[in-house]
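Participant: Need a 3D model of the following:
(one chain, ligands or ions: 1)
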Amino acid sequence: TDPAATPDEIAFEGALRPTSLAEFVGQPKVRGQLEVLLQAARMQERTPDHILLAGPPGLGKTTLATIIGAETGRPIRYSSGPAIQHAGDLAAVLSALVPGEVLFVDEIHRMARSAEEMLYLAMEDFRIDIMVGKGAGAASIPLELAPFTLVGATTRSGMLPAPLRDRFGFTAHLEFYDPADLERVLARSSRLMDLTIEPAALAELAGRSRGTPRIANRLLRRVRDWLLVHEGSSDLEGVRAALELYDVDEAGLDRIDRAVLHAIAHRFTGGPVGLSTLAAAVGEEADTIESVVEPFLVREGLIGRTPRGRIATPTGMRHAGAQTQDATLD
Ligand code: ADP
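Facilitator: Residues are numbered from 1 along each chain as shown. You can find the predicted model right below:
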């Protein structure tokens, strides 16, 4: 989930969330991998291996965790890295697990260091050592845990310490969705929202959704509002007008994407520029740029990463309306 999500969005996302692998659109590779993993566990009636879900925000990590619980018929408990600031926070969560439960830890890379070591032992042996007392009277009390499946989600798999990464039986790398899959997400969502929007208009929305289902659903709500207020027919013009009103460009770049691309293209004349300099120039955290903005701009072929820093590609320079060395653009 998105930490910046509004209450309206959280309620809406819950309603639109697919509840089975069959309903989960796109990501054929990950779906196939999970199907085998879950079915094998079901056949042997054992707890599935720990699973790490990696990828930018809004691509379906929380949704998949919920599906893993549903597909294995097990209860699921939600927690998050920022909520685990001490080993004790983790001990409380782990000791409350019922046998076979799925424990979802969102943003697992933000968990406190002191909790990580406890988690290693818990993942491997389903046991933890609880420290009681201080100084000479300190003692560690072993505690058996119920077997559980840890499902971790991270936007930064590279930031996870290797011992933690290695303890997951499987890492699913979620990719940005292509427009055809986003069209299916949008068709499904509009059905659930009782909206009738013609296919050409859905295709336009899909193409501008930044490869991300959460953004597709968000834009769909803005289009819904626009159509309501303008009592317009659900056509392409309506979609275009709504997207223009909300400042979404043709490639689906949002405000930060454009700021980053613009800074590389104009301020640093195409680059290369280092991450921290770039972050300071656009007033965003380096972490956000690296895990959210860059993966999308790289995939769209607008920027590139080189050992000396980030560069704008000729396409990126054109998109930003900047001049490249060998051509003058209109
Ligand atoms: P993440 O946890 O990766 O940030 P979420 O699982 O919260 O992303 O997904 C955001 C929203 O996008 C969900 O409410 C869900 O409705 C929608 N969504 C994500 N992936 C899919 C998918 N593959 N098919 C249909 N809807 C999806």
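Participant: contacts, neighbours, all on C-alpha from now
Facilitator: Noted.
Participant: just checking, Ala153 is part of a helix?
Facilitator: No: counting by DSSP: H, G, I helix; E, B strand; the rest coil, one finds Ala153 to be strand, located in no helix.
Participant: Number of residues surrounding it?
Facilitator: Ala153 has 30 neighbouring residues, counting by other C-alpha atoms under 10 Å.
Participant: for Asp49, same thing?
Facilitator: Neighbours of Asp49 (other C-alpha under 10 Å): 18.
Participant: please begin residue numbering at 21 from this point
Facilitator: Got it, the first residue is 21 from now on, which makes the last one we talked about Asp69.
Participant: My reading is that it lies in a strand. Confirm?
Facilitator: No: assessed with three-state DSSP, Asp69 is coil; it does not lie in a strand.
Participant: Contacts (any at all) between the ligand and stretch 233-246?
Facilitator: Yes: counting by C-alpha under 6 Å from any ligand atom, the ligand is contacted by stretch 233-246 at 233-234.
Participant: got the contact list for that stretch?
Facilitator: Under the contact criterion C-alpha atoms under 8 Å, 6 or more residues apart in numbering, stretch 233-246 has outside partners 29, 33, 78-80, 197, 202, 205-206, 209-210, 215, 225-226, 228-230, 258-259, 262-263.
Participant: and with 7 Å instead?
Facilitator: Here stretch 233-246 makes contact (C-alpha atoms under 7 Å, 6 or more residues apart in numbering) with 78-79, 202, 205-206, 226, 229, 259, 262.
Participant: Check which residues of that stretch are buried.
Facilitator: Across stretch 233-246, burial judged by 16 or more other C-alpha atoms under 10 Å covers 233-244, 246.
Participant: what pLDDT, on average, does it get?
Facilitator: Averaged across stretch 233-246, pLDDT comes to 92.
Participant: Strands of this protein, start to end?
Facilitator: Assigned by DSSP state E, the chain shows strands spanning 71-74, 96-100, 122-126, 147-152, 159-164, 169-174, 190-193, 323-326, 329-332.
Participant: which one's the longest helix in this protein?
Facilitator: Determined from DSSP state H, the single longest helix within the chain is helix 233-250.
Participant: Can you get me a residue count around Ala221?
Facilitator: 18.
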